[in-house]
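Colleague: I need the structure of the sequence given here:
(2 chains)
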Amino acid sequence: MRTLFLAPLWAWLTLFVAAPALLIAVIALAIPADTVPPFRLALAPDALIQALTDSFYWHGFLGSLRIAAISTLACLAIGYPMALAIARTSARWRGLLLAIVILPFWSGFLLRITAWIGILRDEGYLNAILSAVGIAKIQLMNTDAAMFIGIIYCYLPFLILPLESRLSSADRSLEQAAADLGATPVRVFVHVTLPHSLPGMFAGLALVFIPVTGEYVIPELLGGPSSITIGRVIADEFFNNNDWPQASALALILLAALVLPATIARRAPRGGRI
Amino acid sequence: MSGFVTFEGIELRYGAHTALAGLDLSISQGEIFVLLGTSGSGKTTLLKIAGGFLTPSAGRIVLDNTDITALPSWQRPVNTMFQNYALFPHMRVAENIGFGLRRQGMRGRELASRVEELLALIRLEGHGARRISELSGGQQQRVALARSLARRPKLLLLDEPLSALDRSLREETRADLLALLKFLGTTSIIVTHDQDEALAIADRIGVLREGRLEQVGRPSDLYERPATRAIAAFLGAANLIPVRLAESTADTLSLALPGGATAIMPVRPIAPAGLLHLALRPESLTLTIGTGPNTLAATVEGATYRGATRDLRLRLPDGTPLRANLSPDAPIPPEGSALRLTWNPSRAILLDR
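Modeller: Next up is the predicted model:
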């Protein structure tokens, strides 16, 4: 019975996770060729070695990690207070506020990014407002700033939702007990609220950090030419250089870099403290 | 009002709803004061106001000559033992007990020895490194108590301290709790809905009903001289028999009971327009063959053997139900049979409210 219920899940995982990953692994070991598709099957580690040793690729990996780290921390700084505020409002308002957080998902991702282009471009709404109040125009489009605005905008709900869910499940009497025992509001947060929220916070951080590391569309559309990300490098290898094995090798390393730490963290003995 | 802890005109209103309506209460140092009431009576609300978790709409609280009404809970020399214990699940037993002490800046050896002292007080020596989830319900209750006592509060608030325990454990724990509070001399307010518990542990009891203190007194005062029918029925069992004042002399009152019986009792002031009830405790009734005053006739409807007593369900001629807890040695009266009961007039309670 249990197998029956799990069958769709296994089918989904096999078709859309395991099979593509295997395909990527096979192509990563192939040799580029002037054929269609542009590779010849082999067991050549050349592309993988190249991916791990070429400083250009390292630049891409580190660029992505930097962007992911900054975006994730920014999402945390903005999202934690929001999640806490939503969790603390009355049940009626809470539903409405959560609906507002989820609302952007009702429109298409590309549509929303295009809307940001309209806001941020040199002749866009933001600059129109700035010049209306007498402030000089600023160039945002195709800069890191625009890219971060887009990333934070898109990924903030992924941090807020699990965190808010965890925070709203907290036993408020624990906070009362801490205050009762002489803890100032800051101490109550540090000793009770924050430790309780950690599982939700880590879930939210992972939901932002992992996809942002591989993010391709937002840096491409909003970021400048200097915003090198591994996503853009992979796309470049695929579509411009037509070097599928190199692109696959990079994708494989990115996958391993993101999946392995999560797996290790899951395997690690749990503190069981929360 | 004077006292170690005084509540003066405490009021709490939510819109049109009044949770507490101008409550005055004075508690002396070292006293164990029990707030007794049903849910919704306002007892937990009063405890939250004392702890600083609710701000009263009006009134003030004075503790040891200091007005603490405006102090946030973390600045009050008041600690609470929460009903669900509210132990921090991510901290060990010792960390829980030491939490309040750390907030006072206590560290190192001093902290460790004070925590050990508290663990000894609750007979959990050597359990400091345990997780909260590894403790039994009774042990958790004691840790919660130790944590609330750690800062030596001037006022300790206990919200239903025994309600989460198994019945078998409750009585023993109750005795331990009482002994500990008396040993430390901690001024305490205990909230409970359990009248047995209240009678057993209180120096004084305050009965709360609909946001008002209906009666305050020692347990024996409340049991033997309840002010109202509600209190007579709430504290222990009571047969409430509607009566009419037949005659009053300088030192006795003569009351007419349904079915032609009369009761004669020592005179006491009664409200002239009050609807009078005679409250007779089931354990105050005994079988008699007499027919004079202070006896009544009743029909047996059923009997329950309870070991220490034999509890009879009876009915008066006018249909008023009556319960009597007789000695188990008394012969079992068959169902439907008539019998006569008597009581000691000093045990009878006359109620005009």
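Colleague: ok, how many other residues are close to residue A:10?
Modeller: 11 (other Cβ atoms under 10 Å in any protein chain shown). The way it works is simple: take the backbone N, C-alpha and C, and place the C-beta from them, glycine included.
Colleague: Need the per-residue pLDDT for residue B:83.
Modeller: Residue B:83 carries a pLDDT value of 92.
Colleague: Count residues in the vicinity of it, would you?
Modeller: Using other Cβ under 10 Å, residue B:83 has 18 neighbouring residues.
Colleague: That one and residue B:165 touch, don't they?
Modeller: No - if you go by Cβ atoms under 8 Å, residue B:83 and residue B:165 don't touch, sitting 11.5 Å apart.
Colleague: Residue ranges of each domain in chain A, please.
Modeller: Per the record, chain A has its domains at A:29-47+A:244-265, A:67-242, by automatic domain parsing.
Colleague: excluding its backbone neighbours, what's nearest the residue in the stretch 251-353 of chain B that chain A sits nearest to?
Modeller: As assessed by Cβ to the nearest Cβ, chain A sits closest to residue B:353 within the stretch 251-353 of chain B, at 37.2 Å. Nearest non-adjacent residue to residue B:353, counting by Cβ to Cβ, 6 or more residues apart in numbering or on different chains: residue B:228, 4.4 Å away.
Colleague: Angles on the backbone of that neighbour, please.
Modeller: phi -140, psi 160 (degrees, to the nearest 10).
Colleague: Let me know the secondary structure of residue B:151.
Modeller: Under the three-state scheme (DSSP: H, G, I helix; E, B strand; the rest coil), residue B:151 adopts coil.
Colleague: any idea which helix or strand of chain A has the worst average confidence?
Modeller: When the helices and strands of chain A are scored by mean pLDDT, DSSP states H and E, helix A:244-267 comes last with a mean of 85.
Colleague: Return the set of buried residues in it.
Modeller: When burial is assessed from 16 or more other Cβ atoms under 10 Å in any protein chain shown, helix A:244-267 yields the following buried residues: A:244-255, A:257-258.
Colleague: Quickly name whichever of those is closest to residue A:213.
Modeller: Distance ranking of the buried residues of helix A:244-267 against residue A:213, using Cβ to Cβ, places residue A:258 first at 6.2 Å.
Colleague: Contacts only, for the closest one.
Modeller: For residue A:258, the contact set (Cβ atoms under 8 Å, 6 or more residues apart in numbering or on different chains) comprises A:210, A:213-214.
Colleague: Looking at neighbours, which among these is most surrounded?
Modeller: Busiest of the contacts of residue A:258 [other Cβ under 10 Å] is residue A:213, holding 22 neighbours.
Colleague: contacting residues for residue A:221?
Modeller: A:113-114, A:117, A:150.
Colleague: if you set the cut-off to 7 Å instead, what comes out?
Modeller: By Cβ atoms under 7 Å, 6 or more residues apart in numbering or on different chains, the contact set of residue A:221 is A:113, A:117.
Colleague: count of residues packed around residue A:59?
Modeller: Residue A:59 has 14 neighbours, counted by other Cβ under 10 Å.
Colleague: With adjacent residues omitted, what lies nearest to it?
Modeller: Residue A:59 sits nearest to residue A:228 (Cβ to Cβ, 6+ apart), 6.0 Å away.
Colleague: Ramachandran angles for the one you found?
Modeller: phi -80, psi 120.
Colleague: For the residue positioned nearest the centre of chain B, give its distance to chain A.
Modeller: Nearest to the geometric centre of chain B sits residue B:198, at 2.9 Å (Cα atoms, centre = their mean). If you measure residue B:198 against chain A using Cβ to the nearest Cβ, to the nearest Å, the figure is 23 Å.
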